[in-house]
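**Q** heads up, no residue letters with this:
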Ligand code: OSB
Ligand code: MG
């Protein structure tokens with residue numbers, strides 16, 4: 001891919017309002033921005049989505065930085081890749097650390113799509129995601145004529161938006177839901193725990209009888225709470241996300257047998273093989289796919305393809321990201337198996353000013369898929385500089 005340099009930056013920005021889960025509160029978001037520059041001067045961008053502390057996954061900004069600089073960048077420098085699909089395999093000798101790995105892989109997908117002059121959504125769909133149903137047996141990404149794709153626009157031109165309500169206060173959660181519904185969001189996900197679940201969800205359901213609502217528990221329950229969760233069946237929720245332990249498959253399968261609301265796994269899905277296990281065990285009926293957590297877009301597409309073949313719907317999860325990662329998410333969510341609105345909201349949901357331009361906007365409940373090459377958004381260099389704490393350039 002003719003990489004000449006990779007620049008890493010750590011950025012930090014306050015959220016407009018605190019994001020509460022029963023695990024803790026996020027007020028300030030750090031992230032690692034990766035810029036991969038080729039010999040022609042084209043730049044591709046990726047975002048490392050580890051948090052400052054290991055509350056959601058074991059990785060942190062500091063461990064990602066360590067793994068990127070000490071292991072992943074040297075590996076990539078010694079082993080030039082010709083396609084971003086090779087990156088996950090190249091990194092396979094380094095255990096886990098998926099957030100660090102994805103940061104580079106995402107940057108290389110953006111760069112590759114720009115080199116080929118195609119929108120990233122088209123590249124993902126045409127190479128891996130949009131095989132007609134029934135042809136999944138073919139090796140993913142069986143090469144197609146890239147030149148012939150240049151003129152073709154993404155298969156779909158927009159994706160449905162969805163948003164997360166994560167407030168401590170019931171009145172505030174209701175108020176936020178009303179505002180998001182007003183803004184056109186097609187699905188609202190509500191953070192729950194035993195402290196608020198039925199009360200909050202029934203209030204929202206009472207106010208919005210037809211709204212697609214789902215709940216995300218971030219492991220706030222145990223199997224002993226099955227009866228309590230069963231009561232939520234009457235609220236007609238789209239699904240309950242990750243009620244039980246972050247690394248569990250077996251108890252989720254037991255719980256799914258006891259309740260009729262579909263379960264969705266998020267924290268339990270950190271790789272393609274996790275998705276295979278979850279489906280084999282009957283641990284869930286829906287899967288949340290997060291490219292930044294499963295090792296990159298290549299793995300995310302593999303999970304999508306597998307779930308699609310298995311008849312398991314997927315949706316694109318969020319991790320309070322900046323515009324670069326969100327742009328990658330938009331491209332991913334344009335694949336046909338993403339049949340449920342994801343955590344895909346406007347830049348202004350979290351940020352006073354995002355690091356991309358134009359910012360991501362929601363119009364009539366939809367987000368348009370950019371048609372420009374790569375992620376299809378430019379970087380707001382001025383804003384990026386403002387929020388940068390540290391940067392280093394690695395020459396190839
Ligand atoms: O559990 O889905 C989650 C944010 C950070 C970490 C984990 C989760 C979340 C969200 C998504 O709920 C919020 C968003 O990015 O829109
Ligand atoms: Mg979740």
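**A** All right, it came through fine. None of these values were measured; they are calculated from a predicted model. Numbers count the residues shown, from 1 in each chain. Ligands and ions are numbered 1, 2, ... in the order given.

**Q** Stretch 241-252 near ligand 1 anywhere?
**A** No: between stretch 241-252 and ligand 1, judged by Cβ under 6 Å from any ligand atom, nothing touches; the nearest distance is 6.7 Å. C-beta: built from backbone N, CA, C; applies to glycine.

**Q** hang on, residue 389 in a helix?
**A** No: Residue 389 is assigned strand when assessed by DSSP: H, G, I helix; E, B strand; the rest coil, not a helix.

**Q** I'd say it and residue 28 touch.
**A** No: assessed by Cβ atoms under 8 Å, residue 389 is found out of contact with residue 28, at 11.2 Å.

**Q** Now do the shared contacts for those two.
**A** Counting by Cβ atoms under 8 Å, 6 or more residues apart in numbering, the shared contacts of residue 389 and residue 28 are residue 12.

**Q** For the stretch 1-150 of the chain, give me the ranges with low pLDDT.
**A** 126-150 (pLDDT under 70).

**Q** just the strands in it please.
**A** Taking DSSP state E, counting those that start in this stretch as the test, the strands found in the stretch 1-150 of the chain are 3-21, 24-38, 43-48.

**Q** Point out the most buried one among these.
**A** strand 43-48 (a mean of 27; mean count of other Cβ atoms under 10 Å).

**Q** Would you give the sheet partners of it, along with the direction of each?
**A** strand 24-38 (antiparallel) (DSSP bridges).

**Q** returning to what we had before: could I get the strands of the stretch 1-150 of the chain as TSV with distance to residue 241?
**A** Output for the strands of the stretch 1-150 of the chain, formatted as TSV (distance: least, Cβ to Cβ, whole Å):
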stretch	distance to residue 241
strand 3-21	11
strand 24-38	17
strand 43-48	22
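
**Q** can you list the residues of the stretch 201-350 of the chain near ligand 2?
**A** 216, 241, 266 (Cβ under 5 Å from the ion).

**Q** one step back: how about the strands of the stretch 1-150 of the chain in TSV, adding distance to ligand 1?
**A** As requested, the strands of the stretch 1-150 of the chain are arranged in TSV below (distance: least, Cβ to the nearest ligand atom, whole Å):
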stretch	distance to ligand 1
strand 3-21	7
strand 24-38	7
strand 43-48	12
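
**Q** Which one, of these, ends up nearest to residue 273?
**A** With Cβ to Cβ as the measure, strand 43-48 is the member of the strands of the stretch 1-150 of the chain nearest residue 273 (22.2 Å).

**Q** which non-adjacent residue is nearest the residue in the stretch 101-250 of the chain that ligand 1 sits nearest to?
**A** Per Cβ to the nearest ligand atom, residue 164 is where the stretch 101-250 of the chain lies closest to ligand 1, at 4.1 Å. Excluding its sequence neighbours, the residue lying closest to residue 164 (Cβ to Cβ, 6 or more residues apart in numbering) is residue 189, at 4.7 Å.

**Q** ok, residue 57 - contacts?
**A** Residue 57 sits in contact with 50-51, 98-99, 267, 270, 293, where contact means Cβ under 8 Å, 6+ apart.
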